[in-house]
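**Q** Predicted model, plus sequence, below.
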Amino acid sequence: MKASISIFLVLFTLVATLSACSGSSFGSNIDERILGTWEFSDIKFRPNGDVFSVDYTKGFNGSTVTFKEGGILEAYDKDLDTIATGYWYIDFYEEYNEDSETNSKVYYLAGTLDIPELSIFTDLYWDDLTVSSKKLRATEDKNNGSYTYKMVR
């Protein structure tokens, strides 16, 4: 009887451990967490030299970006009712903090988008990329300022 109870406890512990691992390992790295469709929730543009940002969120309402495996990118523009296609990848660079004398990884997304019917081809470079299971945040520097993107699933 004691042997069967011991086996039951070992099996129970094993099942509980494996269940916990599979739940926490979903999207364990940023390349896995970004996969799927994201909707724009908050878009701000801050012109160079300005303290205040301009809110562009309404212009992006209903538009989505889908990151697929293999680096395939699809962006749906609700206003134009068109899908742009392209490619994406995520990389990082090390940033040194002099105060704490530590290095930290800063992730960025690079890619391309192509809308042939509008003859538009553009490069993407989203810096300071953070991705959780439900939220994505990134910044994009342009010649005249910077955009801050916040997206949700």
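**A** Ah, there it is. Bear in mind that the values here come from a model prediction, so they are computed numbers and not experimental data.
**Q** longest strand of this protein?
**A** Longest strand of the chain, by residue count under DSSP state E: strand 82-97.
**Q** For it, buried residues please.
**A** Buried residues in strand 82-97, counted by 16 or more other CB atoms under 10 Å: A84, G86, W88, I90. For the C-beta atoms, the positions are set from N, CA and C on the backbone; glycine is no exception.
**Q** Sheet-wise, list the partners of it with their directions.
**A** Using DSSP bridges, strand 82-97 pairs in its sheet with strand 72-77 (antiparallel), strand 102-115 (antiparallel).
**Q** Of those, which stretch is the most buried?
**A** Among the strands paired with strand 82-97, strand 72-77 has the highest mean neighbour count (mean count of other CB atoms under 10 Å), at a mean of 16.
**Q** how far is it from where the chain is centred?
**A** 13 Å (CA atoms, centre = their mean, to the nearest Å).
**Q** Put the alpha carbons of that strand into CSV.
**A** Included here for strand 72-77 are C-alpha records, laid out as CSV according to Å, rounded to 0.1, in the frame of the first residue of the first chain:
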residue,chain,number,x,y,z
ILE,A,72,6.6,36.7,-42.4
LEU,A,73,4.8,40.0,-41.7
GLU,A,74,1.3,41.1,-42.6
ALA,A,75,-0.1,44.5,-41.8
TYR,A,76,-3.8,45.3,-42.3
ASP,A,77,-4.7,49.0,-42.9
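**Q** which residues sit against it?
**A** Residues outside strand 72-77 that contact it (CB atoms under 8 Å, 6 or more residues apart in numbering): 63-68, 82-88, 111-113, 115.
**Q** and the strands paired with strand 82-97 as a markdown table, adding distance to D55?
**A** As requested, these are exported to a markdown table (distance: least, CB to CB, whole Å):
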| stretch | distance to D55 |
| --- | --- |
| strand 72-77 | 19 |
| strand 102-115 | 23 |
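**Q** can you list those in CSV and add mean pLDDT?
**A** What follows is the strands paired with strand 82-97, written out as CSV (pLDDT from 0 to 100):
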stretch, mean pLDDT
strand 72-77, 96
strand 102-115, 93
